[in-house]
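Colleague: Please find the sequence and the predicted model below.
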Amino acid sequence: MSDVEAAFAEADGALVPYITAGDPDAEATKEQVRALVAGGADVVELGLPFSEPIADGSTIQEAIQRSLANGMTPGKFLDLVADLDVDAPLVCMTYYNLVYQYGDEETRANAESPVEPFVAAAAEAGISGLIIPDLPVEESAELRAACDEYGVDLVFVVAPTTEGSRLQNMLEQATGFVYVQARLGTTGARADVSDQTHESLQRIAEFDAGNSVPKAVGFGVSEREHAEEITAAGADGVVAGSVFVDIIAEHGDDAPEYLRQKARELKEGAHAGTSQSHPEPERT
Amino acid sequence: MSDVEAAFAEADGALVPYITAGDPDAEATKEQVRALVAGGADVVELGLPFSEPIADGSTIQEAIQRSLANGMTPGKFLDLVADLDVDAPLVCMTYYNLVYQYGDEETRANAESPVEPFVAAAAEAGISGLIIPDLPVEESAELRAACDEYGVDLVFVVAPTTEGSRLQNMLEQATGFVYVQARLGTTGARADVSDQTHESLQRIAEFDAGNSVPKAVGFGVSEREHAEEITAAGADGVVAGSVFVDIIAEHGDDAPEYLRQKARELKEGAHAGTSQSHPEPERT
Amino acid sequence: MSTDSKFGDYGGQYVPEALMPAIEELGDAYERYVLENEDGFMDEFRERMADFGGRPTPLQYAEQLSARYDTDVYLKREDLVHGGAHKLNNALGQVLLAKYMGKERIIAETGAGQHGTATAMAASHLDMPCEIYMGTTDINRQRPNVFRMRLNDAQVNPVTTGRGTLKEAISETMRDWATNVEDTHYVIGSVVGPHPFPNMVRDFQAVISEEAREQIREKAGRLPDAVVSCAGGGSNTMGAFANFVQDEGVDLYAVEAGGSSLDVDEEEGVAPNSATLTTGTDGVLHGARTKILQDSDGQIVESHSISAGLDYAGVGPELSHLVEEDRVTPVNVGDDVALEAFHRLSQTEGIIPALESSHALGYLHEAHDELGDVVVVNVSGRGDKDLETVLEETDKRDLDVAPDMDLFEGVER
Amino acid sequence: MSTDSKFGDYGGQYVPEALMPAIEELGDAYERYVLENEDGFMDEFRERMADFGGRPTPLQYAEQLSARYDTDVYLKREDLVHGGAHKLNNALGQVLLAKYMGKERIIAETGAGQHGTATAMAASHLDMPCEIYMGTTDINRQRPNVFRMRLNDAQVNPVTTGRGTLKEAISETMRDWATNVEDTHYVIGSVVGPHPFPNMVRDFQAVISEEAREQIREKAGRLPDAVVSCAGGGSNTMGAFANFVQDEGVDLYAVEAGGSSLDVDEEEGVAPNSATLTTGTDGVLHGARTKILQDSDGQIVESHSISAGLDYAGVGPELSHLVEEDRVTPVNVGDDVALEAFHRLSQTEGIIPALESSHALGYLHEAHDELGDVVVVNVSGRGDKDLETVLEETDKRDLDVAPDMDLFEGVER
Ligand SMILES: Cc1ncc(COP(=O)(O)O)c(C=O)c1O
Ligand SMILES: Cc1ncc(COP(=O)(O)O)c(C=O)c1O
């Protein structure tokens, strides 16, 4: 069982917050991560910014632009991670080209595959898992191999449109957790839990049976009730990103305290939902 | 012999000045005509302005615009002519559409041809001849007939490009005088007498033989020497327009005096040239 | 002068004497090269119109319009000719003819710039020096077309007389021709001017109906009930009609610019329209006897149309004759109807038509019930050149069909 | 994923999971309708490209250029396609395919507006609702194209992120697609993006070389020694090459935008060129593995070209592969050379080419000695859209070939 899977197992309704590393700078990110963990985050998803974030909505796009404008790079990202000493596994979310491109010439020349240098460096820095939203399972063989070699989880996104043999394949390949996309579209905080979310939860229940990897639902989660509804329907946790990124954009230096509060709120929701789907009713 | 032909016969080197009627108004035109005749004009060519003067250069175009802007019309033109009491035949220069279009509905319905009403009215007002620069001899049958009926001369322009049977035809049809175009192009004062002028003079000499109608050379005549050169080569007179129109544009109310002087100068030249081409040498 | 210099009472050669030899020479060349294909002139013309000009142009079945009008509407796509209009058919023909005649210089007039750009393209293609006369007012309001002519290496001569528009440019070009007639050919832009221009320009444009007649027989299995074409000078019109004139069952509609009103303001010397065939009277303009817009004295009045290419006070003498003979029906639609038709075709068929052509489409809209089952509409040109005008004029009106352009308001940077 | 989703190492499907079913569905439709002509799809496509699009386009022998270069130069006249560029070949194909697939809504990205206008025209023609994403910067500098899209009834969605240009518009369109994938088809504008787009767009554009190959055999009696085509994303390029790839004796030149310099400014994240095939490195962008312009970290850099249509940091994966296989020779010419070539063709052949196409013509000028006896150059589009840019950029330089535009100075009113 990987760090990430262990964190889910212990969480009893896990909270996986996302923030963009380097928004607005590396020191701030460290504070933010500590606050999230203090608030109850079980796993932290850290975005390594890429110039063409096609899977992200406007909130996270803007965070990425702020981070890039302030000089964030893959190298600095890994330094930041290595520096962070928190009690939660860190998962890196980024786009494939940065993974593909990482490393100096010599390292790359000696690598088994173009993606090995990044995975090696990430593992060394303390990254427990990777989420690459523009890498479908069909193109992931090289990265899967490198992740296996370095003990890094590779998280896949299951979309509302993912079905049949592709879904099967993904569940077989996924480690760490499965990121269940609650609705079509891109990341971004929404006011409600969409119908698609309920369908997704339904689908989780269906495929849950034969697979042990945890499932976390994301895309649009921003309120306690969302989180509760999601875990109540059988998910092992929730992913929430835009809501935290919005807080950072709004509160600047004061963000950590707000992040902690929001994390606590969502964590409570996730936990509460779990108790509804489990035999023993228990409230925080 | 028509009035115009008679004027040429008496002139011994005729001067035919052109001005645009109504430039800037009818009263001024009357003064101008009187000044020209006082200066020695043998025949006066009066322009009836048409909105699309394709055969005229910029000097006369502008005079036409001034005249039209001040309200000149074919009717007013004929009134002006009827009012004028000078000792030289008046020739009307205009474009075919005005001739074609003249007359009220009733007159036109009873006319022999569309052009008859204009010719009749012109003759009545005291016009001795017509020059229609956009009416080639081939299209002139109707107008020729009307002119014959009302005793109005029809002057044709012979261009440097006119040759052979067309030239023959024109000489046969012309009455009053033949307007020999000194060079290709449009009306307008020039600094010199072009080579084409000399060729034209040469051609005059050639066709002179079999035809008794007088020949006047125009297009670009503005100086005494031009006039002299032209009659010396055998022409019966010179036509000059732009030089007079320029004087009117420049001197306004004072124009008549300058017109008289310029007419005198050109008349002297024309006369002097004649004496060179005639047996008895005589100078003014 | 050859016997067919007249169409009934219309036509003829009313030009300064200096030009007579030139138009006789041209008449002779027209007969030899165009009518008799001497030295393979017409073969070369057709080949160049194919390879350089993009002919044949399609005859397209217009699905949405046909459904809307319950009439089979076919569009003759002259907008696809190189340069964006039928104008090149004529310009290339004349420049090539000038070359065969040994001329060394091309001149032409232009108003909105369509004929000027076509002539400049043709002259550049055939490596002939070219000068275009254009009024200063037009130069300033049609800058892109001036640029195109300059890019094609034509000299553009500003004409400052009068109001600085088409009429003045024509007169000025005639003056140049009268001065340089020996080595210069004047490429007239429509079926106007002295003989042989009306015949010759028609023959160069007749390829439109030659193709369309064959295409409609293939596509519809029959001849059309009607052919509808806009008419300014009337070159696209005669081109679209020529090969149908002998088909008595085919009605021919020449759609003129009704402008803002069919009345003439004698006082101001202005006709707020260019509906020469409908409202004009007989007269002589620019070398030919034809219908013209004039006041009772015979002075030419200023015409008007939302489409610069129709904005002319005369019309081809052959059209005047065919109207008199009842072979061609003259009709007109005003600025508003044309503008709506512009938007309609742009929206429903994916074709942005010239404002000139939009008049033909506007008439189709108004009269589709009476035109029969199969109608050919000549789309004489594309409307890219008209974008500015259309936006301005649309803005002034309250047109249901027009798209809003609000999006710019939010994005000024 | 079908086996030929890759061209050697290039290509693939690097898209968000939500889109995978859509591109699988599209791959399936591509195989059935495009490759197997199910329900007569390809027949209908070809018929519409003829009647609506104006195909075939001519292959024109360029007399003056041939004489100047002592080489037989043939121009493939894609500038004559409806809309003014090869772009319609693809847009019409995809919109029609979307219709066959039962989609109800079309979206597309556009930079300079060429692909957007082509898509809007195609959607209007086929009566499909259409939305175009366009960066706000581009909206402001390409207003006429925005007007054209609006006139054709397309909605234009301003994209405010980033610098508001093409890259951002593509990303935004992908987001829309990821949200509305069930009823919406995304019409990608070049041979880029995830499989099956590169294959499919190539197949729609391959009509260029299908025609050209037949035409050159007829006109020159042989295959050409070289085919020269500009390359941005590479759709006109692959279209012009596709049917010659198997002809080993035919050299294929992909001419990229050398911009102002081939260097990359890592500090600023800017490449003052778009010479992806020459200077780019392997990476993954917009759904495919291909050559891209990136810094050493893998961040995409801003590209540059005087011609907006070439200004893209990626290139079609098949071209990357054909270059790697030495079948296609990547070359480039800079802004200045392209600008001169623009003026040269305008002046000497009467054709105003797109600035994109001017790169191919610029390379012809520079390398004509080495290209062989018979050369086909693809004139991918017309240059009317580029007039403003050309005037501005010409003004900045001291180009011998450029005409002066002094005449405006005298005529301001
Ligand atoms: C597209 C188009 N159609 C029609 C016309 C009108 O000319 P004509 O009546 O000679 O065809 C013009 C003139 O510029 C034009 O550009
Ligand atoms: C005329 C023209 N040529 C070429 C291109 C470049 O695109 P591609 O490389 O896909 O042909 C464009 C793009 O807008 C274009 O408009």
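Modeller: Alright, I've got the coordinates. Numbering: from 1, shown residues only, chains lettered A, B, ... in the order given. Ligands and ions are numbered 1, 2, ... in the order given.

Colleague: Residue numbers of the stretch 251-400 of chain C in contact with chain B?
Modeller: Proximity of the stretch 251-400 of chain C to chain B (C-beta under 8 Å from any C-beta of the partner chain) is limited to residues C:269, C:282-287, C:292, C:294, C:296-300. Backbone N, C-alpha and C define where each C-beta goes, glycine included.

Colleague: and if we set it to 7 Å?
Modeller: C:283, C:284, C:285, C:294, C:297, C:298, C:299, C:300 (C-beta under 7 Å from any C-beta of the partner chain).

Colleague: Enumerate every residue touching the first one.
Modeller: Which is residue C:283. Applying C-beta atoms under 7 Å, 6 or more residues apart in numbering or on different chains to residue C:283 gives the contacts B:97, B:100, B:101, C:292, C:294, C:298.

Colleague: just the strands in the chain please.
Modeller: In the absence of a named chain, chain A is used. Using DSSP state E, the strands of chain A run over residues A:14-20, A:44-47, A:90-93, A:127-131, A:153-158, A:178-181, A:215-218, A:237-240.

Colleague: was after chain C, sorry
Modeller: Applying DSSP E to chain C gives strands spanning C:6-7, C:10-11, C:59-61, C:72-77, C:105-110, C:130-135, C:155-159, C:184-186, C:226-230, C:251-259, C:281-285, C:288-292, C:328-334, C:374-379.

Colleague: ok, back up a step: want to try CSV for the strands of chain A, with mean pLDDT, distance to ligand 1 and mean neighbour count as columns?
Modeller: Output for the strands of chain A, formatted as CSV (pLDDT from 0 to 100; distance: least, C-beta to the nearest ligand atom, whole Å; neighbours: other C-beta atoms under 10 Å in any protein chain shown):
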stretch, mean pLDDT, distance to ligand 1, mean neighbour count
strand A:14-20, 98, 55, 30
strand A:44-47, 98, 55, 26
strand A:90-93, 98, 56, 26
strand A:127-131, 98, 57, 24
strand A:153-158, 95, 54, 25
strand A:178-181, 91, 53, 26
strand A:215-218, 92, 57, 28
strand A:237-240, 95, 59, 30
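
Colleague: before we move on, back to that, which member of the residues of the stretch 251-400 of chain C next to chain B is positioned nearest residue C:325?
Modeller: The shortest separation between residue C:325 and any of these is 19.1 Å, and it belongs to residue C:283 (by C-beta to C-beta).

Colleague: beta partners of the closest one?
Modeller: In this structure, residue C:283 bridges to residue C:290 when assessed by DSSP bridges.

Colleague: how close does it get to ligand 2?
Modeller: For residue C:283, the distance to ligand 2 equals 48 Å [C-beta to the nearest ligand atom, to the nearest Å].

Colleague: Read off the pLDDT value for whatever residue of the stretch 1-150 of chain A ends up closest to ligand 2.
Modeller: Nearest to ligand 2, among the residues of the stretch 1-150 of chain A, is residue A:52, at 18.4 Å (C-beta to the nearest ligand atom). According to the model's per-residue confidence, residue A:52 sits at a pLDDT of 93.

Colleague: so what's it up against?
Modeller: Neighbours of residue A:52 in contact, by C-beta under 7 Å, 6+ apart: D:167, D:171, D:285, D:300.

Colleague: Mark which of those are part of helices, please.
Modeller: Residues from the contacts of residue A:52 lying in helices, with DSSP state H as the criterion: D:167, D:171.

Colleague: sorry, back to before: now the strands of chain A in JSON lines, with distance to residue D:359?
Modeller: Converted to JSON lines, the strands of chain A look like this (distance: least, C-beta to C-beta, whole Å):
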{"stretch": "strand A:14-20", "distance to residue D:359": "38"}
{"stretch": "strand A:44-47", "distance to residue D:359": "38"}
{"stretch": "strand A:90-93", "distance to residue D:359": "39"}
{"stretch": "strand A:127-131", "distance to residue D:359": "40"}
{"stretch": "strand A:153-158", "distance to residue D:359": "40"}
{"stretch": "strand A:178-181", "distance to residue D:359": "42"}
{"stretch": "strand A:215-218", "distance to residue D:359": "45"}
{"stretch": "strand A:237-240", "distance to residue D:359": "46"}
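
Colleague: So for residue D:142, which of those strands sits nearest?
Modeller: Across the strands of chain A, residue D:142 has its closest neighbour in strand A:14-20 (31.9 Å, C-beta to C-beta).

Colleague: So that closest one, near chain D or not?
Modeller: No. Contact of strand A:14-20 with chain D (C-beta under 7 Å from any C-beta) is absent, the minimum separation being 14.4 Å.

Colleague: How about stretch A:131-141?
Modeller: Yes. Judged by C-beta under 7 Å from any C-beta, stretch A:131-141 comes into contact with chain D through A:133, A:134, A:135, A:136, A:138, A:139.

Colleague: again with stretch C:383-402
Modeller: Yes. On the criterion C-beta under 7 Å from any C-beta, stretch C:383-402 is in touch with chain D at C:384, C:387, C:391.

Colleague: who touches that stretch?
Modeller: C:84, C:145, C:306, C:336, C:339-340, C:342-344, C:352-355, C:405, D:144, D:147, D:384.

Colleague: Need phi/psi at residue A:136.
Modeller: According to degrees, to the nearest 10, the main-chain angles of residue A:136 amount to phi -70, psi 160.

Colleague: For the stretch 101-250 of chain C, give the residue positioned nearest to chain A.
Modeller: Using C-beta to the nearest C-beta, the closest approach of the stretch 101-250 of chain C to chain A is made by residue C:144 at 35.6 Å.

Colleague: Nearest residue to that residue in space, please, no chain neighbours.
Modeller: Residue nearest to residue C:144 in three dimensions, not counting chain neighbours: residue D:387, with 5.5 Å by C-beta to C-beta, 6 or more residues apart in numbering or on different chains.

Colleague: Report the separation between the one you found and residue C:209.
Modeller: Taking C-beta to C-beta, to the nearest Å as the measure, residue D:387 and residue C:209 are separated by 33 Å.

Colleague: just residue C:13 next, same as before
Modeller: When distances are taken as C-beta to C-beta, residue C:13 and residue C:209 turn out to be 26 Å apart.

Colleague: Where helices are concerned, which of the contacts of stretch C:383-402 count?
Modeller: The helices in this structure, assigned by DSSP H, contain C:145, C:336, C:339, C:340, C:342, C:343, C:344, C:355, D:144, D:147 from these.

Colleague: what's the closest non-adjacent residue to the residue of the stretch 101-250 of chain A at minimum distance from chain D?
Modeller: Per C-beta to the nearest C-beta, residue A:101 is where the stretch 101-250 of chain A lies closest to chain D, at 3.0 Å. Counting by C-beta to C-beta, 6+ apart, residue D:298 is the residue found nearest to residue A:101 once chain neighbours are left out, at 3.0 Å.

Colleague: Over to residue A:235?
Modeller: Beyond its immediate neighbours in the sequence, the residue positioned closest to residue A:235 (C-beta to C-beta, 6+ apart) is residue A:217, lying 4.7 Å away.

Colleague: show me what contacts the one you found?
Modeller: Counting by C-beta under 7 Å, 6+ apart, residue A:217 makes contact with A:180, A:182, A:200, A:201, A:230, A:235, A:238, A:239.

Colleague: Correct me if wrong: the fifth one contacts residue A:273.
Modeller: When you say that, I think you mean residue A:230. Yes. Proximity of residue A:230 to residue A:273 meets the contact threshold set by C-beta atoms under 7 Å, at 6.2 Å.

Colleague: ok so, going back, out of the strands of chain C, which comes closest to residue B:264?
Modeller: Comparing those by their distance to residue B:264 (C-beta to C-beta), the top pick is strand C:155-159, with 36.3 Å.

Colleague: residues contacting residue A:145?
Modeller: By C-beta under 7 Å, 6+ apart, residue A:145 lies in contact with residue A:113.

Colleague: what number of residues lie near the residue nearest to residue C:144?
Modeller: By the criterion of other C-beta atoms under 10 Å in any protein chain shown, residue D:387 has 17 neighbours.

Colleague: Could you list the low-confidence segments of the stretch 101-250 of chain A?
Modeller: Low-confidence regions of the stretch 101-250 of chain A, defined here as pLDDT under 70, cover residues A:187-195, A:204-205, A:207-211.
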